[in-house]
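In: Sequence and predicted structure, then a few things I'm wondering about:
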Protein chains: 2
Amino acid sequence: MLRLHHHPMSAACRFLRLVMTEYGERFELVDERPWERSKELLALNLAGTVPVLVEDNGPPIVGGMVAAEYLDETRGVFQRDRRLLAEKPFERAEIRRLTDWFLGKMEGEVTRYLVRERVFKREMTAAEGGGAPDSSAMRAARANLKNHVRYIGWLSESRNWLAGSHLSYADLSAAAAISVLDYLGEVRWEDDPVAKDWYMRIKSRPSFRPFLQERIRGIPPAAHYGELDF
Amino acid sequence: MLRLHHHPMSAACRFLRLVMTEYGERFELVDERPWERSKELLALNLAGTVPVLVEDNGPPIVGGMVAAEYLDETRGVFQRDRRLLAEKPFERAEIRRLTDWFLGKMEGEVTRYLVRERVFKREMTAAEGGGAPDSSAMRAARANLKNHVRYIGWLSESRNWLAGSHLSYADLSAAAAISVLDYLGEVRWEDDPVAKDWYMRIKSRPSFRPFLQERIRGIPPAAHYGELDF
């Protein structure tokens, strides 16, 4: 059995949930509050971050891409046409580049800030860094977000899916990050109809359904968040 | 033929040079100055960062771990005992966790700041962000470095090499980052004899020799930098 230590508003955690569901895997979710730096989470991951994936009481598998590589090696390799990390080294490199783009670069420039300021800070004590949102951090993140949405639009216009002709980790990592930001009403879809079309295709997949039903305490989602046609 | 677009003081670039040399590969090096955001580099990698690996005019392979995965798929898989990414999924996950620790977490907390403040800023124009080093950024990075050296010591005390009984990407990524910082005289070896012993073992490998001879214009290395017994 797979167990994912996660936070519902972490892009990398949503990414792994999508991957496992696309592969038909059942898994347990354990909610974590990484800012509390609990002993239990630090024992699994000294960095104190989520996601951490555990299979059958095996050693913890730490990090979004690291766990996705593990799932490729233990599941993806048997999926043939439905494999989410391609077969050929050059294609795998392009999928990994984009996955790192969305879970690394976009996370560091956009997602981390908006989630921290708008979601985590509400739950944090003053000692943990809680308090009023930092509006200059949010402004910078919002400016960066436009570029990332434009890049998604550009990729999905030049290819069928973001990394090529097949659905891959690139799409699921991008959609995971976008879904977190869309919950918060941060994505201006009217600016980019091509990116919106790509997101509608992902959003209508059965693997996406659980996200559309989840609610964060005290933060209602944007009005269109749950709509497949928005 | 492999061609690496790199900067000599980038940890991820040094890591790939170590991997390729350990595998007996010949490669060309192309010096880049990422802060200039040249059209040529942006055409290879829209993020404007190094490393970028190119093989035989194939598509660019972007990023340290992405290129290391490519090298594992095209070279490592044939190396048997000398493979740097193990065979079993759990062992591969641990090697990847640590590689991400040294090229991601340590880079973001230590290496990036010290290299930027002490090396890149000397070459940057004012418009590119050049100027006097920011001493508070350097102070924070130095405090974080102690923890990373201690972690290396702890790992190499409990295991033979950082991720287990074999030399792996974990050792080469850690050594790449440490070698950059050691050039700058930032590592206080007297604090951690176990980490020092591990680094002496790595430093004496033939793959390490080119680094010990390289010099950065205007910045002489720490006195012990080139010594195998320091």
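Out: Okay, I see it. Residues are numbered from 1 along each chain as shown, chains lettered A, B, ... in the order given.
In: mind saving the C-alpha coords of stretch A:28-35 as PDB?
Out: The C-alpha trace of stretch A:28-35 is given here as PDB (Å, rounded to 0.1, in the frame of the first residue of the first chain):
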ATOM      1  CA  GLU A  28      -3.700   6.700   1.800                       C
ATOM      2  CA  LEU A  29      -3.200  10.400   2.500                       C
ATOM      3  CA  VAL A  30      -1.700  11.700   5.700                       C
ATOM      4  CA  ASP A  31      -2.200  15.500   6.300                       C
ATOM      5  CA  GLU A  32       0.900  17.300   7.300                       C
ATOM      6  CA  ARG A  33       1.500  20.900   8.400                       C
ATOM      7  CA  PRO A  34       5.200  21.300   7.400                       C
ATOM      8  CA  TRP A  35       5.600  24.700   9.100                       C
END
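In: Close to chain B: what parts of chain A are there?
Out: Proximity of chain A to chain B (C-beta under 8 Å from any C-beta of the partner chain) is limited to residues A:46-47, A:58-59, A:61-63, A:65-67, A:69-70, A:73-74, A:89-90, A:92-94, A:96-97, A:100-101, A:104-105, A:151. (C-beta placed from N, C-alpha, C; glycine too.)
In: count of residues packed around A:S207?
Out: Around A:S207 there are 17 other residues, counting by other C-beta atoms under 10 Å in any protein chain shown.
In: Would you check how far apart it and chain B are?
Out: Distance of A:S207 to chain B, given as C-beta to the nearest C-beta, to the nearest Å: 22 Å.
In: does that residue count as helix, strand or coil?
Out: Under DSSP: H, G, I helix; E, B strand; the rest coil, A:S207 falls in the helix class.
In: Please list the members of the residues of chain A next to chain B that lie in strands.
Out: Those of the residues of chain A next to chain B mapping onto strands are A:61-62, per DSSP state E.
In: Whichever of the residues of chain A next to chain B end up buried, select them in ChimeraX.
Out: This is the ChimeraX syntax for the buried subset of the residues of chain A next to chain B, where burial follows 16 or more other C-beta atoms under 10 Å in any protein chain shown:
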select /A:47,61,62,63,65,66,67,69,70,89,90,92,93,94,96,97,100,101,104,105,151
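In: Longest helix of chain A, counting residues only.
Out: In chain A, assigned by DSSP state H, the helix with the most residues is helix A:135-158.
In: Give me the helices and strands touching that one, please.
Out: The helices and strands touching helix A:135-158, judged by 3 or more C-beta pairs under 8 Å, 6 or more residues apart in numbering or on different chains; DSSP states H and E, are helix A:112-115, helix A:169-183, helix A:193-203.
In: Of these, flag the one that's most buried.
Out: Greatest average neighbour count among the helices and strands packed on helix A:135-158 goes to helix A:169-183 (a mean of 27), per mean count of other C-beta atoms under 10 Å in any protein chain shown.
In: average pLDDT for that one?
Out: Averaging pLDDT along helix A:169-183 yields 98.
In: and the longest helix of chain A, what's its mean pLDDT?
Out: Averaged across helix A:135-158, pLDDT comes to 97.
In: Give me the contacts around that helix.
Out: By C-beta atoms under 8 Å, 6 or more residues apart in numbering or on different chains, the surrounding residues in contact with helix A:135-158 are A:98, A:101-102, A:106, A:109-111, A:113-114, A:117-118, A:162-163, A:174, A:177-178, A:181, A:186-188, A:191-195, A:197-199, B:46.
In: Report the buried residues of it.
Out: In terms of neighbour count (16+ other C-beta under 10 Å), helix A:135-158 has its buried residues at A:138, A:141, A:144-145, A:148-149, A:151-153, A:155-156.
In: next one: stretch A:117-136
Out: A:117-121, A:124.
In: Tell me how many other residues crowd the closest residue to A:S168 other than its chain neighbours.
Out: The shortest distance from A:S168 to any non-neighbouring residue, by C-beta to C-beta, 6 or more residues apart in numbering or on different chains, is to A:I95 (4.7 Å). For A:I95, the count of nearby residues is 26 (other C-beta under 10 Å).
In: Might you report the residue contacts of A:I95?
Out: A:84-86, A:163-164, A:168-170.
In: now it: how far from A:A86?
Out: Distance, A:I95 to A:A86, using C-beta to C-beta, to the nearest Å: 6 Å.
In: most centrally placed residue in chain A?
Out: In chain A, the residue lying closest to the centroid (C-alpha atoms, centre = their mean) is A:A11, at 2.5 Å.
In: Could you tell me the per-residue confidence at that one?
Out: On the pLDDT scale, A:A11 gets 98.
In: The residue lying closest to it once chain neighbours are set aside: what's it in contact with?
Out: Nearest residue to A:A11, sequence neighbours excluded (C-beta to C-beta, 6+ apart): A:A177, at 4.0 Å. Contact partners of A:A177, counting by C-beta under 8 Å, 6+ apart, are A:11, A:14-15, A:102-103, A:106-107, A:110-111, A:148.
In: Give the residues shared as contacts by A:I95 and A:A86.
Out: Joint contacts of A:I95 and A:A86 (C-beta under 8 Å, 6+ apart) are A:163-164, A:168.
In: Most neighbours out of those, which is it?
Out: Most surrounded of these: other C-beta under 10 Å gives A:A163, at 26 neighbours.
In: and the gap between it and chain B?
Out: 11 Å.
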